[in-house]
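Undergrad: Fold the following.
(2 chains)
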Amino acid sequence: MPKVIGEAKKSFMTGNETAAWACLAAGADMMFGYPITPQNEIMHYWTRLAPRYGRGFLQTEDELSAGFTVCGAVQSGKKAFTATAGPGNVLMQEPFGMAEAMRLPLLAIIQQRGGPSSGTVVYSQQEVTLTTFGGNGEGMRIVYSTATHQEIYDYIIKGFNTAWQYRFPVFILGDGYQAKMREPLEIYDPEDRGIEMLKPYPLIGLEGEIGQSREPQHLCNIYSLEEELYEVVMKMAAEYESLQDSLVEYDEKNCDDADIIILSHGVVSRAAEDAMKILRTQGIKAGYFRPITLRPYPQQQLRNAIAKSGAKIILCAESAYGQLDRLTKQEIYGETIKMENLFMPGVGIIDYDIVDKVKSVI
Amino acid sequence: MSLVRIALAGEGGQGVQAIAEIMAEAAYENNQQALYIPNFGLEQRGGVSIAFIQFSDSRIGAPKFQKADIVVALSERAVARTKDYSGPETLFVYDSSFNIAPEDFPKVARKIIGIPAIDTSNEVLHPRVFNIIIMGAVIGMSHVVSFEDAKKALEHKLGYKFVQDPKLRELNYRALEMGKEMAEKALQEGVAQSV
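TA: Numbering: from 1, shown residues only, chains lettered A, B, ... in the order given. Purely as a prediction, here's the structure:
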């Protein structure tokens, strides 16, 4: 495949445009999508760029169909993706569940908007529960929560490889602010950074004879017997859990001596880091911990941070009413650290929101 | 340069988002950190359009802010819509031709400044460069980008139009210059009214 970017170059663009370029640079063959704010421009940019590079696009009749067509395309050996938000993310949980069941390497970019229901078209972090544990399955997914345009670019490239290497569906969890804002980043061809992009491979229509030259492919999302399903889910769970150490990613700063750890993810972590720095200049020993993967969650790393710091309080700051907080509590069950919160569902959080809250709880 | 936060608000079609983008790109081209985000709620269909821009030497945190260093309201209802972005350090700028009820002005501001941008664009220049006058005024007050970099960014953005009609270049540069002078004059001469 010819290089898309050429020499690495600095750019100043929106997060949606960044996502389209990243998919292109990652060698994605095909996007299926259905319009919904605030992710529309991923489709717009992709449809503008894709024909120039021999890539494809199909706008389907709704999100169910967009999700299922991605499921079909990856089975045929195409590197395919979709993007959605809010109620569209709700609808896509059914095809995402199929991707979990059949271990399909799809990639979905989620630009969170306000909820419940149509909520706002603007911004939130209220799709954490849905994206990590949506559907009628067990949350066998890999979810990267990005904070900057550089990360949108980097984690989309990484995400395609994660999907095709491990065959769990991969989610890039952004938000409306990241989607619509412009900020600088560097775009590059993965090969120039020593990143080998995995080639997609067909999961069906394989050569050779079953039982003779190859094993049968079981791509199944329904079973006759409870025990059959049980066996499949247990095997999947064991494999997912065995991969946790190689999949988890997190960012931690100043936790060694922290009295209070500020916990956040995604775009809010930018304000959290600034708040931590402000508090440090005021003599308050604040630390900063950010899960980058929300599934699997860096629970051991957070436990370690609590242990080594001796912190007495975690302050969980999020643009939702407790979705990260709930996820964290289940992941670090048994820890006795006090958990305070700054829940601001559907609105942005700035550094001083967090600074003021920290001062009110320590 | 430490962090500078600017909110520009106006009616759809006034070119608020266009000048926000041009200034942010000018700063970016000059290797500064810049972050620009439009408001994009449903209200974009017939409501007040707001651009949030931040400039800094170092990485910029949250994409939106609650109090701006400069607020520019380009229509009468944009004044009321943006008054809450004004804090004790804010320069709040509006057009001196507006009829604004006293209660619609921000309660807190460093200075509230009226500038004659609409009259100048209508009578001296051309209505289409109203937003460029405003851009000049913002640069005159904030120095977030140099005058030369702003010209370069204008050229980059509108160069294809300038080729078709070279007079447009002159018109835009004059608008930029007059906006800058307007702001400097307003800051120096006490045209500003304190609250």
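Undergrad: Mind listing what's buried along stretch A:336-346?
TA: A:337, A:340-346 (16 or more other CB atoms under 10 Å in any protein chain shown). Where you see a C-beta, it was placed from the backbone N, CA and C, and this is true even at glycine.
Undergrad: before we move on, what about stretch B:8-27?
TA: B:8-11, B:14-17, B:19-27.
Undergrad: Same check on stretch A:134-149?
TA: Across stretch A:134-149, burial judged by 16+ other CB under 10 Å covers A:134-135, A:137, A:139-149.
Undergrad: Of the residues you listed, which is the nearest to chain B?
TA: Nearest to chain B, judged by CB to the nearest CB, of the buried residues of stretch A:134-149 is residue A:148 at 8.3 Å.
Undergrad: mind listing what the closest one touches?
TA: By CB atoms under 8 Å, 6 or more residues apart in numbering or on different chains, the residues touching residue A:148 are A:178, A:183, A:185, A:270.
Undergrad: Identify each buried residue in the host helix or strand of the last one, please.
TA: When elements are defined using DSSP states H and E, residue A:270 is found to belong to helix A:268-281. Neighbour-count burial for helix A:268-281, counted by 16+ other CB under 10 Å, picks out A:268-280.
Undergrad: so does that helix get close to chain B?
TA: Yes: contact of helix A:268-281 with chain B (CB under 8 Å from any CB of the partner chain) involves A:268, A:270-271, A:273-274.
Undergrad: now those residues in JSON lines, with pLDDT?
TA: Shown next, in JSON lines, are the residues of helix A:268-281 next to chain B (pLDDT from 0 to 100):
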{"residue": "A:268", "pLDDT": "98"}
{"residue": "A:270", "pLDDT": "98"}
{"residue": "A:271", "pLDDT": "98"}
{"residue": "A:273", "pLDDT": "98"}
{"residue": "A:274", "pLDDT": "97"}
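Undergrad: Next, format those as CSV and append distance to residue B:127.
TA: Shown next, in CSV, are the residues of helix A:268-281 next to chain B (distance: CB to CB, whole Å):
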residue, distance to residue B:127
A:268, 42
A:270, 39
A:271, 40
A:273, 44
A:274, 41
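Undergrad: can you give me the strands in chain B?
TA: Applying DSSP state E to chain B gives strands spanning B:4-11, B:33-38, B:48-56, B:68-73, B:86-95, B:111-115.
Undergrad: Count the residues that sit near whichever residue of the stretch 1-150 of chain A sits closest to chain B.
TA: Closest residue of the stretch 1-150 of chain A to chain B, CB to the nearest CB: residue A:12 (4.2 Å). Residue A:12 sits with 19 neighbouring residues when counted by other CB atoms under 10 Å in any protein chain shown.
Undergrad: That one should be in a helix, yeah?
TA: No: assessed with DSSP: H, G, I helix; E, B strand; the rest coil, residue A:12 is strand; it does not lie in a helix.
Undergrad: what about the residue nearest to it when sequence neighbours are not counted, neighbour count?
TA: Excluding the flanking residues, the one nearest residue A:12 by CB to CB, 6 or more residues apart in numbering or on different chains is residue B:28, at 4.2 Å. Neighbour count of residue B:28, defined by other CB under 10 Å: 23.
Undergrad: from the strands of chain B, which stretch is densest packed?
TA: Of these, the one with the most neighbours on average (mean count of other CB atoms under 10 Å in any protein chain shown) is strand B:68-73, at a mean of 26.
Undergrad: Show me what that one is packed up against.
TA: Packed against strand B:68-73 by the contact rule (3 or more CB pairs under 8 Å, 6 or more residues apart in numbering or on different chains; DSSP states H and E) you find strand B:4-11, helix B:76-82, strand B:86-95, helix B:130-142.
Undergrad: Secondary structure element holding the nearest residue to residue A:22 once chain neighbours are set aside?
TA: Closest residue in space to residue A:22, ignoring its immediate chain neighbours: residue A:156 at 3.7 Å, by CB to CB, 6+ apart. Take DSSP H and E as the rule and residue A:156 turns out to sit in helix A:149-166.
Undergrad: Next secondary structure element downstream of that helix?
TA: According to DSSP H and E, the helix or strand after helix A:149-166 is strand A:170-175.
Undergrad: how far off helix A:268-281 does that following strand point, in degrees?
TA: 60 degrees (axes from the mean of the first three to the mean of the last three CA atoms, to 10 degrees).
Undergrad: tell me what strand A:170-175 is packed against?
TA: helix A:15-25, strand A:107-112, helix A:128-133, strand A:142-145, helix A:149-166.
Undergrad: got the contact list for the one residue in the stretch 51-200 of chain A that gets nearest to chain B?
TA: Nearest residue of the stretch 51-200 of chain A to chain B: residue A:181, at 3.7 Å (CB to the nearest CB). By CB under 8 Å, 6+ apart, the contact set of residue A:181 is A:14-15, B:35-37, B:63.
Undergrad: Run through the residues that contact residue A:123.
TA: Contacts of residue A:123 by CB under 8 Å, 6+ apart are A:38, A:112-114, A:175-177, A:319, A:346-348.
Undergrad: Need the outlier residue of chain B, farthest from its centre.
TA: For chain B, the C-alpha farthest from the mean C-alpha position belongs to residue B:164; by CA atoms, centre = their mean, that distance is 26.7 Å.
Undergrad: how near is that residue to residue A:99?
TA: For residue B:164, the distance to residue A:99 equals 51 Å [CB to CB, to the nearest Å].
Undergrad: Same question for residue A:353.
TA: 37 Å.
Undergrad: Among those two, which residue is more densely surrounded?
TA: Between residue A:353 and residue A:99, counting by other CB under 10 Å, residue A:99 is the more crowded of the two (29 against 20).
Undergrad: Would you check that that one makes contact with residue A:69?
TA: No: contact status for residue A:99 versus residue A:69: not in contact, 11.9 Å apart, counting by CB atoms under 8 Å.
Undergrad: Tell me which helix or strand the residue lying closest to residue B:42 once chain neighbours are set aside sits in.
TA: Setting aside the residues directly before and after it, residue B:42 is nearest to residue A:121 in space (CB to CB, 6+ apart), at 6.4 Å. Remark: residue A:121 resides in no helix or strand, with elements defined by DSSP H and E.
Undergrad: okay, now residue A:121: neighbour count?
TA: Residue A:121 has 18 neighbouring residues, counting by other CB under 10 Å.
Undergrad: try residue B:32
TA: Residue B:32 has 20 nearby residues by other CB under 10 Å.
Undergrad: Much appreciated, bye for now.
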